[in-house]
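Peer 1: Quick one: sequence plus predicted model below, questions after.
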Amino acid sequence: DAKTTQPPSMDCAEGRAANLPCNHSTISGNEYVYWYRQIHSQGPQYIIHGLKNNETNEMASLIITEDRKSSTLILPHATLRDTAVYYCIVRVRGNFNKFYFGSGTKLNVKP
Amino acid sequence: DGGITQSPKYLFRKEGQNVTLSCEQNLNHDAMYWYRQDPGQGLRLIYYSQIVNDFQKGDIAEGYSVSREKKESFPLTVTSAQKNPTAFYLCASRVGETLYNSPLHFGNGTRLTVT
């Protein structure tokens, strides 16, 4: 019931942009997309969230397709410290307090 | 600094014992959550609370209990009825439904080992 689909792993060269995709084809009109990352043995760290417009903050950019069925998290200049598991989540319609986490994408940033 | 504090970071218990995990937040958030994470897996929701003195079961509530007597505190008790209690437990909070799209903020977790 994660409502999102992500590739299990991706590699990225240090200094290059990391583009992490997420499919959320069943998303409803008022459901936001949230991105988190988790470094081993720590709690997930909030990165960014959006509804339908592209969003940018000091950590990343979020690009949401016009039909809202997919999104991409962009880390513009990946560093070794960006190696982590990245989760794309949406809240389940009708259960607005419940955030469901899937298995995420393990991003490996390589020197 | 505002944040969520989970203690202890590591906890060891013998099988058959109940154990309570602490979660405190000073963010003035209404909503609080408990998740469980097993190796190589995502997070699964145990319990959540929208407001003081109210809480709801998540997807894997069996063998767990919670209380929400104060806004800043949401302790989780892992009872002897929980068949596989060894896991990484994460507490989270968010503003609540007064800000519909408010994100979750997590503590750094408690790793419970039961032998």
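Peer 2: Arrived safely, thanks for sending.

Peer 1: which non-adjacent residue is nearest the residue of chain A positioned farthest from its centre?
Peer 2: Going by CA atoms, centre = their mean, the residue of chain A most distant from its centre is A:Pro111, 22.5 Å out. Take A:Pro111 and drop its neighbours on the chain: the residue closest to it by CB to CB, 6 or more residues apart in numbering or on different chains is A:Glu14, 5.2 Å away. No exception for glycine: its C-beta is placed from N, CA and C like everyone else's.

Peer 1: Report the buried residues of stretch B:102-109.
Peer 2: B:102-107, B:109 (16 or more other CB atoms under 10 Å in any protein chain shown).

Peer 1: what sits up against that stretch?
Peer 2: Stretch B:102-109 is contacted from outside by A:34, A:36, A:41-46, A:49, A:99, B:3-6, B:9, B:23, B:25, B:27, B:29, B:33, B:37, B:88-96, using CB atoms under 8 Å, 6 or more residues apart in numbering or on different chains.

Peer 1: Need the buried ones from those selected in PyMOL.
Peer 2: In PyMOL, this line selects whichever of those come out buried by 16+ other CB under 10 Å:
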select buried, (chain A and resi 34+36+43+44+46+49+99) or (chain B and resi 4+6+23+25+29+33+37+88+89+90+91+92+93+94+95+96)
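
Peer 1: hey, what's A:Tyr87 bridged with?
Peer 2: A:Tyr36 (DSSP bridges).

Peer 1: Local confidence estimate at it?
Peer 2: pLDDT for A:Tyr87: 95.

Peer 1: And it, how close does it get to B:Phe12?
Peer 2: 28 Å (CB to CB, to the nearest Å).

Peer 1: swap in B:Glu97?
Peer 2: 38 Å.

Peer 1: likewise B:Tyr89?
Peer 2: B:Tyr89 is 14 Å from B:Phe12, by CB to CB.

Peer 1: shared neighbours, the two?
Peer 2: B:Leu112.

Peer 1: Give the helix, strand or coil label for A:Arg81.
Peer 2: helix (DSSP: H, G, I helix; E, B strand; the rest coil).

Peer 1: ok, it - contacts?
Peer 2: A:Val109.

Peer 1: I'd like the distance between it and chain B.
Peer 2: Applying CB to the nearest CB, to the nearest Å, the value for A:Arg81 to chain B is 17 Å.

Peer 1: same deal with A:Gln42?
Peer 2: A:Gln42 is 5 Å from chain B, by CB to the nearest CB.

Peer 1: With A:Pro44 instead?
Peer 2: Relative to chain B, and taking CB to the nearest CB, A:Pro44 is found at 5 Å.

Peer 1: Thank you, goodbye.
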